[in-house]
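**Student:** pasting a predicted model and its sequence here:
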Amino acid sequence: MGTTPPDPHAWLEDVSGERALDWVRAHNAVSEGSLGGPAHEALRARLQGILDAKERIPYVSKHGDHLYNFWRDAAHERGIWRRTTLDEYRKPAPQWETVLDLDALAKTENENWVWAGAACLQPRGTRCLVSLSRGGGDADVVREFDLETRAFVAGGFALPESKGSVAWIDRDTLFVATDFGPGSMTASGYPRIVKEWKRGTPLQEAKLVFEAAPDDLSASARRDLTPGFERDMVTRQIGFYSSEVFLREGGKLVRIDKPMDANAYAVRDQLMIELRSDWQVGGRTWPQGSLLAIDFAAFLRGQRNFEALFTPTSTSSLDGVAVTRNALLLTVLDKVKNRLVELRRDSGEWQRREVDTPGIGTLGVAALDEIESDDYFLSVTDFLTPTTMYLGQVGSDGRERLKAMPAWFDAKPYTVSQFEAKSKDGTLVPYFVVQPRGARLDGKNPTVLYGYGGFEVSLKPAYSGMIGAGWLERGGVYVLANIRGGGEFGPRWHQAALKEQRQKAFDDFLAVAKDLIKRKVTSPRHLGIMGGSNGGLLVGAALTQRPDLFNAVVCQVPLLDMRRYHKLLAGASWMGEYGDPDDPKQWEFIGKYSPYHNAFKDKHYPKVLFTTSTRDDRVHPGHARKMAALMETQGHAVLYWENMEGGHAGAANNTQQARMWALTYSFLYAQLK
C-alpha cells in the first residue's frame, strides 16, 4: 500500500482533548453567530414546541398489566419512564404513574444520564434491567430495577459502563456480554465473550458460555422465555452480515445449520430463516429475500422441508416481522409502500391473509404482547398525514383508533409524487417529491435532497413536524431518494452497492439530483443535499464528485475519512459494508470515493454545514472535524457545529434537537432561497 502521508488534522481525533475542544467551541460560536438572528430563534422555538408538545403519540410497550412509555417534554428534559393501563391509555388524557424520573436521578447522582432502554423479565416479572448512557453514547451502565417499589435494587445486578448486551435467563441469572477486561472486546469495540452470571456472585466469577474471535464483530445470548418453548440462543456476529447461531442444550452449543449471511430465530415450535442470498437446501433453491419456516425439532433431526412464508418479487421486499401469540404479521414493502400480511398456523398448515389497512403509506406493526395476546399496534403515516395509531387484532380488519399525532403544519398546500431517475448503469431509482401544489417548474424552487443508501436501511414516507415547519412552510421542496445500498427492494438492492460497488449508491443519488434539475423542479443554484452517518458519507461523496450540482450540503454525524474509518470507534464493524482500506486492492476502490481524500484546493465547492456530537461513540466526531478543518485550510466555505453531548443521534434532549435542526434549516434556507 505504500506509506500513508502524515495527516495534519489527526489531532482532531482526540475526542475530549482540550486543544480539539477549543477548536470545536470556536467553530460552534462562528456557526451560531452566522446562522442566528430573529428568524432562526423563532424557528428554534417553533421546533422545540413541536418536540416538547404533550399532544405527541406516547408509544408504549406492554409488560404485565401495564403499558410503559418513556417521555420527554419541557417539564422533563431528560425524561420520565412511566406506565398506565390499556383502558386508561384509550382515553384522550391518560393518567400516568411515574416509574423513574431521569431528571431527578441525574441531579441526585450529578450525572448526565440519557435513557437507553429497559429489559423486563418476561412474561410477568417485576424486575427490569435499566440501561443509562452518559451523554447519549452507545456505551451504557446497567442496573436492576424493581417495578413494585419503583426503585433500583440495593445490591442487585449492576454493570459498569460498556458497550454490550444483557438478557434475563431467570430472576436470579443473566446472560452478560460486556467489557470483562483486557482482550475481552473485539476490534470493533464490542464484547466477544458471553457469560452466565448468578445473583450474589462477583461478575468475575460468571461462567463462560461462549467466546468469539477477536476479529469478529460481537457475541451475545438470550433466552426465549415463551412458556413451553424456553430456549437459550447464542449468536456469534462475525461481520455485519455474517453470523453463526447456536442452541444451548445441557451446556453444549448446537450450531444452527443456516447460511452465514442469513438471520435465524425461533417462534414457538418454528425456526425462521431470513435469506440474504439464494440457498440450495433439501433439493430446492430458495431465493434471496425469502422468509422460510420449519418445525424446530424436525430441523434439529435433520429435516429441511422448509415452507416459504414470503418470497420477494422485482418490486417487493420483506420490511418487518411482528410476532403475536398465534400469528406472524409480515410488513411488506412494495414500490416503497407498505402492506400487511397475516400468517396463522392451523392444523400444521400456514394460513395467509392480506390485512386491509388504511391508506397507502408507511405501516408500523408492534405486538401488544407476543406471549399473551393477539392484539397489535398499527401505526399509519406518510409525508402529509400525521401518524395515527390503531389497536388491531389478528383475524380481523376492524381496528380501534387509539392516538393520532396533531398536524404540525397545514398539509393542504402540498402534494406528493413518486418518480424514477435513470442511474449511470441504467438502473431505475425511485424517489419521492413533496412540493407545493401548482409549484412552477422554473428551476427556482429551494430543494433539499435526502438520502442514505446503506446497511439495507429503507427510507419510507413519514410525517415530520421538523420537515414541515422547518422546510416546507418556508416554500421548500423535500425529496427522498431510494438509492441502492438501502433495503427498499430487499437484499439485492443493498448488495448492489456493497464494497467495490459503492459508487453505484453515489451514482443513484447524483442521478436523482440530475433528474430534479432536468424536470426543472430546481436547479444547482437552489438544490441542497442532506444525509447523516452513512448518509453523511453519501453527501460527502456527492460534494466531492459533482460539486457543480449543488449549492448547499448538510453533512451530519458522517463517515468521511475512509482510510481510517475502521480504526475509529465502531468502524471495524462496517468492513462488511465498505471493505478493508488496509488491503491495497480494496483501498483502490475505497480511495476513489473517500471524501477526505478527494477534496482539493483548486475545486469550487458549495457551502457545507457539518454537524456532529462529541459523545457519538459509534461514528467518530473526528471525521467531521477533520473534513471541516481540511476544507478550511483549502479556502472553502464551511460551517461546523458539534453538540457537546448527544450520541449518534446528534442530540441528547429536545432542546439540543431543536437547536440542531433550527441551525440546519436556517443554513439551507439562507443558501437555497
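**Tutor:** All right, it came through fine.
**Student:** list the contacts for the residue nearest the centre of the chain?
**Tutor:** In the chain, the centroid-proximal residue (C-alpha atoms, centre = their mean) is residue 457; its distance is 7.9 Å. Applying C-beta atoms under 8 Å, 6 or more residues apart in numbering to residue 457 gives the contacts 486, 487, 534. (Each C-beta comes from the backbone N, C-alpha and C, glycine too.)
**Student:** ok, how many other residues are close to the first one?
**Tutor:** Pointing back at residue 486 there. 26 (other C-beta atoms under 10 Å).
**Student:** the second one now?
**Tutor:** Burial measure for residue 487: 21 neighbouring residues, criterion other C-beta under 10 Å.
**Student:** just the last one next, same as before
**Tutor:** Per other C-beta under 10 Å, the neighbour tally for residue 534 reads 23.
**Student:** quick one, phi/psi of it?
**Tutor:** Main-chain torsions, residue 534, degrees, to the nearest 10: phi -60, psi -30.
**Student:** quick one, what contacts it?
**Tutor:** Applying C-beta under 8 Å, 6+ apart, the residues near residue 534 are 452, 453, 454, 455, 457, 485, 559, 577.
**Student:** now, those residues that are in helices?
**Tutor:** residue 577 (DSSP state H).
**Student:** which pair in the contacts of residue 534 spans the largest distance?
**Tutor:** Maximum pairwise distance among the contacts of residue 534 (C-beta to C-beta): 14.3 Å, between 457 and 559.
**Student:** with pLDDT as extra columns, can I get the contacts of residue 534 in TSV?
**Tutor:** Shown next, in TSV, are these (pLDDT from 0 to 100):
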residue	pLDDT
452	98
453	98
454	98
455	97
457	97
485	98
559	98
577	97
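**Student:** which among the contacts of residue 534 gets closest to residue 596?
**Tutor:** Nearest to residue 596 among these, counting by C-beta to C-beta, is residue 559 at 9.4 Å.
**Student:** still on that earlier bit, can you lay out the contacts of residue 457 as JSON lines showing distance to residue 261?
**Tutor:** Formatted as JSON lines, those follow (distance: C-beta to C-beta, whole Å):
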{"residue": "486", "distance to residue 261": "17"}
{"residue": "487", "distance to residue 261": "14"}
{"residue": "534", "distance to residue 261": "19"}
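**Student:** now, which of the residues you listed sits nearest residue 554?
**Tutor:** residue 534 (14.6 Å).
**Student:** tell me the spacing between the residue nearest to the centre of the chain and residue 155.
**Tutor:** Counting by C-beta to C-beta, to the nearest Å, the gap from residue 457 to residue 155 is 42 Å.
**Student:** likewise residue 47?
**Tutor:** Distance, residue 47 to residue 155, using C-beta to C-beta: 44 Å.
**Student:** ok now the helix or strand where residue 351 lies, how far from the chain's centre?
**Tutor:** Using DSSP states H and E, the element containing residue 351 is strand 349-355. Computed by C-alpha atoms, centre = their mean, to the nearest Å, the separation of strand 349-355 from the middle of its chain amounts to 30 Å.
**Student:** check which helices and strands that strand sits against.
**Tutor:** strand 337-346 (3 or more C-beta pairs under 8 Å, 6 or more residues apart in numbering; DSSP states H and E).
**Student:** partner strands of the strand it packs on and their direction?
**Tutor:** Applying DSSP bridges, strand 337-346 is found paired with strand 327-334 (antiparallel), strand 349-355 (antiparallel).
**Student:** outside of that strand, which residues touch it?
**Tutor:** 270, 309-310, 319, 326-332, 350-355, 357, 360-363, 365, 378, 394-395, 460-461.
**Student:** buried stuff in it?
**Tutor:** Neighbour-count burial for strand 337-346 flags 337, 338, 339, 340, 341, 342, 343, 344, 345 (criterion: 16 or more other C-beta atoms under 10 Å).
**Student:** what would those residues look like in TSV with distance to residue 568 and pLDDT?
**Tutor:** Formatted as TSV, the buried residues of strand 337-346 follow (distance: C-beta to C-beta, whole Å; pLDDT from 0 to 100):
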residue	distance to residue 568	pLDDT
337	37	94
338	36	96
339	40	96
340	40	98
341	41	98
342	44	98
343	43	98
344	47	97
345	47	92
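**Student:** and which of those residues is nearest to residue 501?
**Tutor:** Of all these, residue 501 sits closest to residue 337, with 26.3 Å by C-beta to C-beta.
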